[in-house]
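J.: structure for the following, please:
(2 chains)
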2 protein chains.
Amino acid sequence: MQTTEFLEQLIANLAFNEQGLIPAIVQDSRTQQVLMMAWMNSDSIQQTLDQGETVFWSRSRQELWHKGATSGNVQHVIEIRVDCDGDTLLILVDPAGPACHTGQTSCFYRNASEFANGNQHDR
Amino acid sequence: MQTTEFLEQLIANLAFNEQGLIPAIVQDSRTQQVLMMAWMNSDSIQQTLDQGETVFWSRSRQELWHKGATSGNVQHVIEIRVDCDGDTLLILVDPAGPACHTGQTSCFYRNASEFANGNQHDR
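T.: Sure, this is the predicted structure:
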């Protein structure tokens, strides 16, 4: 339950980039595993607060993207943190399932060597 | 100790943005705390691998930025991970000191309410 004033103050003070976007790191609040990184705009931040689940901005589709809306793998928001210069979000979540479209718990399932030597683009 | 071939394959397959940059999330390998997010280009990735400490690209200063070069708060690189679509790095580090220029361990030292209500820009 967020007040309109809180949302307005938050949005007004975040440092969005020239496309009106801000990177959002998603971390599992219990395991502390970093699950993914995606982008938010002011609308997706509002919807994330309203719904209590992560809603991103899909740069490829140019539309709001309610994570897990089709797969069921929603991410319940536990806490939103902001970095020192206000240009990155850290969202602590309780995930209902894997974060990655590959079925992996985290999108960061490969180290740099595995990535460089293998299947680079599991899109 | 990285081979040139590994570096070339890694650089060739990462999805840099239109400015030739890729976001790098920095996480403490022991505590799992997310410390900061910064940007890398191909040169900073090469230097990070060569030196075993994080080297970023400073977008404000438009120059390579060896984290901790002046403060001593370097970040020893334990592992570099890559996300599913190759457009974000997760760097696990052993930090020699605080990540944040404010002296806080992590740049994400405020939740959204504290940020919205308080000093938004501790630059």
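
J.: assumed residue A:78 was part of a strand.
T.: Yes: secondary structure assignment places residue A:78 in a strand (DSSP: H, G, I helix; E, B strand; the rest coil).

J.: got the contact list for it?
T.: Counting by Cβ atoms under 8 Å, 6 or more residues apart in numbering or on different chains, residue A:78 makes contact with A:29, A:92, A:93, A:94. C-betas here are computed from N, CA, C, even on glycine.

J.: so of the residues you listed, which ones are in strands?
T.: Within those, membership in strands is found for A:92, A:93, A:94, as judged by DSSP state E.

J.: tell me the one of the residues you listed nearest chain B?
T.: Out of these, the one with the shortest distance to chain B is residue A:92. That distance is 9.3 Å, counting by Cβ to the nearest Cβ.

J.: which SS state does residue A:16 fall under?
T.: For residue A:16, the secondary structure call by three-state DSSP comes out as coil.

J.: tell me the SS of residue A:71?
T.: Residue A:71 - assigned by three-state DSSP - is coil.

J.: residue A:28 touches residue A:96, doesn't it?
T.: No: under the criterion of Cβ atoms under 8 Å, residue A:28 is not in contact with residue A:96, lying 11.4 Å apart.

J.: and of the contacts of residue A:78, the nearest to residue A:108?
T.: residue A:93 (15.1 Å; Cβ to Cβ).

J.: residue A:32 and residue A:90: what is the separation?
T.: Look at residue A:32 and residue A:90: by Cβ to Cβ, to the nearest Å, they are 11 Å apart.

J.: for these two, indicate the residue with more neighbours.
T.: Relative neighbour count places residue A:90 above the other of residue A:32 and residue A:90, with 25 against 14, counting by other Cβ atoms under 10 Å in any protein chain shown.

J.: touching, that one and residue A:77? I think so.
T.: No: taking Cβ under 8 Å as the definition, residue A:90 is not a contact partner of residue A:77, at 11.4 Å.

J.: can you say which of the contacts of residue A:78 are buried?
T.: By the neighbour-count criterion of 16 or more other Cβ atoms under 10 Å in any protein chain shown, the contacts of residue A:78 include these buried positions: A:29, A:92, A:93.
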